[in-house]
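A.B. asks: A predicted structure for the sequence below; I have some questions about it.
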Amino acid sequence: MDQAIITGAADVYVSSFGVHRVLLHRHVRTNVALCLDTSLWAVSSLRDFFMERLAKTGDGHKYALRYEGTLECRNYLGNSKVSSIG
C-alpha cells in the first residue's frame with residue numbers, strides 16, 4: 001500500500017485495521033482522541049415511552065411524554081482514550 005499525501009485536513013483514515021472516521025467535537029479537547037467502536041455501544045431503555053394525560057385547562061388537552069434511557073457500553077476493552085500531557 002502506497003503512502004498517501006494529505007493536503008489540508010483528513011476525516012477518514014484507512015489502516016490495516018479498517019477505515020476510521022475522524023470527528024471533531026466541541027466537548028472534547030484538542031489534545032484528546034477517543035477511539036470508539038460503535039458496534040460495542042447500544043441505547044438501553046430503563047423505562048419505555050409512556051404518555052400520561054395531564055390536567056385539562058380550558059378546551060386544551062395536555063400530555064406528558066416520559067422516557068428513561070441510557071447509553072450502554074457492551075465491552076469497555078474495545079474502546080480507548082489517547083491524550084497528550086503537554
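C.D. replies: In hand now; what should we look at?

A.B. asks: just how off-centre is the lengthiest strand in the chain within its chain?
C.D. replies: Longest strand in the chain, counting residues (DSSP state E): strand 41-53. Relative to the chain's own centre, strand 41-53 is displaced by 18 Å; criterion: C-alpha atoms, centre = their mean, to the nearest Å.

A.B. asks: now swap in stretch 49-65 and tell me
C.D. replies: The answer for stretch 49-65 is 32 Å, by C-alpha atoms, centre = their mean.

A.B. asks: again, but for stretch 77-86
C.D. replies: Distance, centroid of stretch 77-86 to centroid of chain: 16 Å (C-alpha atoms, centre = their mean).

A.B. asks: same deal with stretch 19-32?
C.D. replies: On C-alpha atoms, centre = their mean, the centre of stretch 19-32 falls 11 Å from that of its chain.

A.B. asks: contacts for that stretch, please.
C.D. replies: 10-14, 34, 81-84, 86 (C-beta atoms under 8 Å, 6 or more residues apart in numbering). Any C-beta I mention is one placed from the backbone N, CA and C, and that applies to glycine too.
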